[in-house]
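Asker: sequence and predicted structure, then a few things I'm wondering about:
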Amino acid sequence: MHPKMSVKLAGLVLRSPLIVASGVLGSSTRLIKKVSENPSVGAVVTKTVTYNPRPGYENPTAIDLGFGFLNAMGLPNPGYLEYRKELSEIKDLAIPLIVSIGPSNSEEAAEMVKALNDVSDGFELNLSCPHAEKLGLEVGSDPEKVRSIVSSARRCTTKPLFVKISPNVTDVVEIARAAVEAGVDAVTAINTMKSIAIDVNAGKPVLSNVYGGLSGKAIHPIAVRIVYELYEAIKIPIVGCGGVYDWRDAVELILAGATAVQIGSAIVYSRSDLNILNEIEKGIIEYLKDKGFNNVMEIVGLAHTS
Amino acid sequence: MHPKMSVKLAGLVLRSPLIVASGVLGSSTRLIKKVSENPSVGAVVTKTVTYNPRPGYENPTAIDLGFGFLNAMGLPNPGYLEYRKELSEIKDLAIPLIVSIGPSNSEEAAEMVKALNDVSDGFELNLSCPHAEKLGLEVGSDPEKVRSIVSSARRCTTKPLFVKISPNVTDVVEIARAAVEAGVDAVTAINTMKSIAIDVNAGKPVLSNVYGGLSGKAIHPIAVRIVYELYEAIKIPIVGCGGVYDWRDAVELILAGATAVQIGSAIVYSRSDLNILNEIEKGIIEYLKDKGFNNVMEIVGLAHTS
Amino acid sequence: MFEKAHYYIEAEVESNIMETSRVNTLTLKLDRFINIKPGQFLMVWRPGDGEIPITPSLTQGNTICLTIEKVGFTSNRLANLKVGEKVFLRGPYGNGFNLEHPGKYLLVGGGTGAASLTPAYLKLVEKGVYTLFLVGGRNIENLVYVNKLREIKANIQIATDDGSEGFHGTLPELFKKTVSEDFFENVLTIGPEKMMFKIAEECLKRGMSCQVSLVRIVKCGIGFCGSCVLDPVGLRICVEGPVFNASEILGTDFGFYMRDEMGRRIEVTL
Amino acid sequence: MFEKAHYYIEAEVESNIMETSRVNTLTLKLDRFINIKPGQFLMVWRPGDGEIPITPSLTQGNTICLTIEKVGFTSNRLANLKVGEKVFLRGPYGNGFNLEHPGKYLLVGGGTGAASLTPAYLKLVEKGVYTLFLVGGRNIENLVYVNKLREIKANIQIATDDGSEGFHGTLPELFKKTVSEDFFENVLTIGPEKMMFKIAEECLKRGMSCQVSLVRIVKCGIGFCGSCVLDPVGLRICVEGPVFNASEILGTDFGFYMRDEMGRRIEVTL
Ligand SMILES: Cc1cc2nc3c(=O)[nH]c(=O)nc-3n(C[C@H](O)[C@H](O)[C@H](O)COP(=O)(O)OP(=O)(O)OC[C@H]3O[C@@H](n4cnc5c(N)ncnc54)[C@H](O)[C@@H]3O)c2cc1C
Ligand SMILES: Cc1cc2nc3c(=O)[nH]c(=O)nc-3n(C[C@H](O)[C@H](O)[C@H](O)COP(=O)(O)OP(=O)(O)OC[C@H]3O[C@@H](n4cnc5c(N)ncnc54)[C@H](O)[C@@H]3O)c2cc1C
Ligand SMILES: Cc1cc2nc3c(=O)[nH]c(=O)nc-3n(C[C@H](O)[C@H](O)[C@H](O)COP(=O)(O)O)c2cc1C
Ligand SMILES: Cc1cc2nc3c(=O)[nH]c(=O)nc-3n(C[C@H](O)[C@H](O)[C@H](O)COP(=O)(O)O)c2cc1C
Ligand code: FES
Ligand code: FES
């Protein structure tokens, strides 16, 4: 742990602002334990679990576009009750474990949060998956639904509550404000951009679900914009996510206003111990040293001052 | 002109479905003439002109991200009256000239269309520029404003009327439907994605306007998705635009449902005679030959059939 | 100028040969050359029919063979393709076998594993390395790729559970009984996981190097979805695998547990 | 792994020398080495102050000089930077001079053009090519970079409009009067457009090769915004230029018209 890297986020103290994004490397709790041993990892968000078990979509579920990735995994997960069992087996995790849940309404949100409360250090409400029916973006693009789900989750836990929002809306600030008013502790921005890839020889969309979510490099400038917009509009912490491949990408999000940064797609370029996070951390520490900052929190939102 | 490439679009007959997108290579009417001499160019859309002259934003106005570009030129243009003079000097253009206008309300739309009607072969209403105040996306994200501006333009011309829409909205179909109901002949999709780039050493947003529009490769899968969505929802032709760098990118948009395809950013990789369009055309012709099609219109929307 | 990282490779079926009632071998002509190391796999897609990982059973210029067991929807569709039909490939993915180890090689292939090991066999023979290929199946009707192996005059020994051909018994039994302790330095194996586990244990006991090609549910194929991860070590079949040194993975879920499509931990049965 | 195409280069002001009341030369230390051909330009950005194109007046490892005339907001801000302050550079952009033509070179630099031509001068001398440098300004107080050129013992001749130094008259006049018809094979010129136009015409008449470095409003610098286009030929200063063969652009708007920020066609006055 490097003293420059420790941050406070929504009541949590993280040894590093680098968080493993939801859904990457799946839901294996054994893997969470392994990943947590990487000292550059500040927290892990689990794969999104839903009320009912989901097998996910048929293959193809992902495609590498070079400048980003398209995926429609379809939120495969064993359901929150089964997942609870797995989570309860995790012992002595050195870092906070944030459980991502994908409720389709406020009742599901309440039940899931109650059931998972004692096996988690916080919740991320995934109201932004662009390719799941009746979940994710379908609820997350309606401020009223966001308000009701967040309120419901809020009533069931005192642990840090994050809401993960989508770039696929006209006004992200409106959605974030609804969540803030309903009592969320921090906003994660962003989930993937709804997209399609068609194979010209096959003449068909590649993903079995047709629609998928664009992640990686391609969405980074969109993520920076949304973090920047949110920072000017809301008072609670923001977690930046989208296309972070190196320390510059991470610093960009932090300067835009993110207190912490999630890394998803870039782990493709990494060993499964997530050594890419070590490189990103090293780069940030070097940057802070160069510019004369004592801690990464000093540069949060700095791009806004004139 | 290649027989496989000729398309009918909103009452126009184009010798090729490849159209030069609005704003690239600026507003020089002299250049339009030159570009029209490239046989792969099917039509040209002018730089967006506005009611009042606009100097555009201060530099930096553009940045190359490698996987795309960010720009906030700020719609620099001499205003529609001055531009009318320039356009009236163009003689004997071999291809249709589509004039892009960026009205902020229905009155401006009416006046501009009336004034420019005799010097154009059609209009593209830019209701989607993500970085101009009181113009573009600011009106184009509100279905009511779209309806009123399109209706107003429609009343003033019988020439083909295109509306160019933005990916920065929750529901593109709602916007497109409003335009269709108001009498538009075709929909151009998409304009750029609102984004920000921050230079980590400077610690500041690069663009003087802070916010800019992401174009190029990065937005191509988003453009394919929106064209695909529109094709399932509306009955009028769609013009695809976004990240077309090669023939595959163009064919992807056509298979998704585009009758024609606009090329913007990729001209960076081209000489100013737009030789990149020759390569794209060649690739499409080869593809059609390979797959046994007589004309490019036969593959429009083919990715939808099962 | 920017290039897309991965376009699907278009491939046309040139022939489809029935190996057994459950297994077919497709010969495909690819639209471009790709360099596939023995043991690497391809994702094989047919629009509407799904996409599954397959380790080629032959690679020769633009021509490859896929030997496919019909276990479910997609494998059935692919195994039943007709000449002239198209499939779409991405890859190659994964690490493939390390054939640089010095010494003699023993290959142990169960079921379609015999087919998947053939490119490694050919490569070793080409290098002049002494190689013996143990091939197994339930019975004479269920031996896969044996005709091909005989055609190329491969040095094979056969085992069937019912003794209808060759050795009467399983591959691990054949291995233990007929392979002398210190003759081979290297073992490569593909087949049912329980079989591979036994081979791997035996190798470890004998101090032989053993490379195992694992199967898990592969979705993305590129390393970020976590579907194919081997717990608890977090090794990805599709990136760090599918080939692992037995010593690396004995003591993990190898041989005992895998995960289903939902990520539920389930027992390995075969 | 993916790399961003262009990060800004960070540069620190090492010194700022006043050339004339309107012109300063900054010496900058860059955070990395970039290879800049004589005649190529950089986009020079200071957050809040804007970004403008400048052709370096010296390039030496990680050190470069920018000679900047204070004509408006951004150039004033940049020209007044203090030691230790930072600027951000992108580029190099454009084609630069072609110095491969055989024969002797005549360089004609008006105003800051003398500075911008200096890297070409140094390169030619390094190559052992005979080069004469004509430098012009309104009067002795407005000569730019002459101290530098004298310091490096450059082969220069000076012209001033009022005769306060060197030849009494303009650069085209000096050129016509003192350069013999067939001595130089090549002319390179940077300066006010009307001056360059006269030089270019004279060269054409004499059958000399002449390369002109044009100025238009550069916004994107990368070739897609159309701001810098030379009408009606559609050549982009930032990509196909800024250096053009006179023969290519005589007969275009060169010498007569440019476009303002809004894209309005306006007359060239200087
Ligand atoms: C690296 C690799 C290489 C492979 N090479 C070959 C090969 O050369 N030839 C060949 O015939 N098969 C090979 N397989 C296995 C093949 O991919 C599966 O049989 C196939 O995915 C099944 O798909 P399906 O749609 O036909 O069956 P499904 O309908 O998806 O499933 C049928 C049954 O098989 C199980 N199943 C599905 N996929 C897998 C899997 N990946 N691992 C374990 N069980 C599974 C299901 O749980 C179900 O019980 C390989 C697998 C991997 C990971
Ligand atoms: C390739 C290239 C290389 C250059 N190299 C140098 C150099 O080495 N040293 C140097 O001092 N200058 C150079 N210039 C010119 C310099 O870029 C402009 O003087 C500068 O952009 C003016 O910016 P400003 O904000 O200070 O002035 P503004 O406030 O923008 O404008 C002041 C006046 O200058 C005019 N103007 C602004 N920009 C331009 C332009 N690009 N072309 C013509 N007129 C313009 C305006 O219309 C206005 O009348 C170069 C220009 C180009 C295109
Ligand atoms: C394979 C894959 C699976 C994902 N699964 C989830 C998920 O279950 N829940 C969720 O909130 N986000 C999910 N995401 C989105 C990521 O958490 C992240 O928001 C997005 O990918 C952008 O970040 P990146 O560019 O760093 O990947 C997934 C992304 C990928 C690539
Ligand atoms: C430099 C530049 C200027 C642009 N100016 C305009 C404009 O004036 N009007 C408009 O409707 N779109 C404008 N656009 C958007 C393009 O027309 C196009 O919609 C967008 O760039 C996506 O296509 P591309 O990825 O091929 O560039 C501009 C884009 C660029 C890069
Ligand atoms: S299949 Fe997705 S990580 Fe291996
Ligand atoms: S400055 Fe934009 S094209 Fe040259």
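Answerer: That came through fine. Ligands and ions are numbered 1, 2, ... in the order given.

Asker: what residues does the stretch 201-306 of chain A have near chain B?
Answerer: A:203-205, A:210-211, A:214, A:217-219, A:221-222, A:224-225, A:228, A:248, A:251-252, A:255-256, A:287, A:291, A:299, A:302-303 (C-beta under 8 Å from any C-beta of the partner chain). (Glycine included, C-beta is placed from N, CA and C.)

Asker: stretch A:82-97 vs ligand 3: in contact?
Answerer: No. In terms of C-beta under 6 Å from any ligand atom, no part of stretch A:82-97 sits within range of ligand 3; the closest distance is 11.9 Å.

Asker: go through that stretch and flag the buried ones.
Answerer: Residues of stretch A:82-97 classed as buried by neighbour count (16 or more other C-beta atoms under 10 Å in any protein chain shown): A:Tyr83, A:Arg84, A:Glu86, A:Leu87, A:Leu93, A:Ile95, A:Pro96, A:Leu97.

Asker: which one of these is nearest C:Lys177?
Answerer: A:Glu86 (41.6 Å; C-beta to C-beta).

Asker: quick check on the nearest residue to the closest one once chain neighbours are set aside: phi, psi?
Answerer: If the residues on either side of it in the chain are set aside, A:Glu86 comes closest to A:Thr29, at 4.5 Å by C-beta to C-beta, 6 or more residues apart in numbering or on different chains. Note on A:Thr29: its backbone torsions stand at phi -70, psi -30 [degrees, to the nearest 10].

Asker: how far is the strand or helix carrying C:Gly136 from where the chain is centred?
Answerer: Assessed by DSSP states H and E, C:Gly136 sits inside strand C:131-137. From the chain centre to the centre of strand C:131-137 is a distance of 13 Å (C-alpha atoms, centre = their mean, to the nearest Å).

Asker: any residue of it up close to ligand 1?
Answerer: No. Strand C:131-137 stays clear of ligand 1 (C-beta under 6 Å from any ligand atom), getting no nearer than 13.3 Å.

Asker: pairing partners for that strand, with directions?
Answerer: If you go by DSSP bridges, strand C:131-137 pairs up with strand C:105-110 (parallel), strand C:156-160 (parallel).

Asker: hang on, the earlier thing: filter the residues of the stretch 201-306 of chain A next to chain B down to the buried ones and express that as a PyMOL selection.
Answerer: In PyMOL, this line selects whichever of these come out buried by 16+ other C-beta under 10 Å:
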select buried, chain A and resi 204+205+210+211+214+217+218+219+221+222+224+225+228+248+251+252+255+256+287+299+302+303
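
Asker: narrow the residues of the stretch 201-306 of chain A next to chain B to those in strands?
Answerer: A:Lys204, A:Pro205, A:Leu214 (DSSP state E).

Asker: for the last one, give me its contacts.
Answerer: With contacts defined as C-beta atoms under 8 Å, 6 or more residues apart in numbering or on different chains, A:Leu214 is in contact with A:Leu65, A:Gly68, A:Phe69, A:Leu70, A:Thr192, A:Met193, A:Lys194, A:Ser195, B:Pro221, B:Ile222.

Asker: now A:Pro60
Answerer: A:Pro60 sits in contact with A:Val206, A:Leu207, A:Ser208, C:Met43, C:Trp45, C:Gly50, C:Glu51, where contact means C-beta under 8 Å, 6+ apart.

Asker: pLDDT score assigned to the residue nearest to the second one when sequence neighbours are not counted?
Answerer: By that I understand A:Leu207. In this structure, A:Leu207 finds its nearest non-sequential neighbour in A:Ala72, 4.6 Å apart by C-beta to C-beta, 6+ apart. On pLDDT, A:Ala72 comes in at 96.

Asker: same check on the one 5 residues further on?
Answerer: The score at A:Asn77 is 94. That number is its pLDDT.

Asker: what residues are up against it?
Answerer: Counting by C-beta under 8 Å, 6+ apart, A:Asn77 has contacts A:Ser27, A:Lys47, A:Thr48, A:Val49, A:Thr50, A:Pro53, A:Arg54, A:Tyr83, C:Met262, C:Gly263.

Asker: so the fourth one versus A:Ala182, what's the distance?
Answerer: This points to A:Val49. 21 Å (C-beta to C-beta, to the nearest Å).
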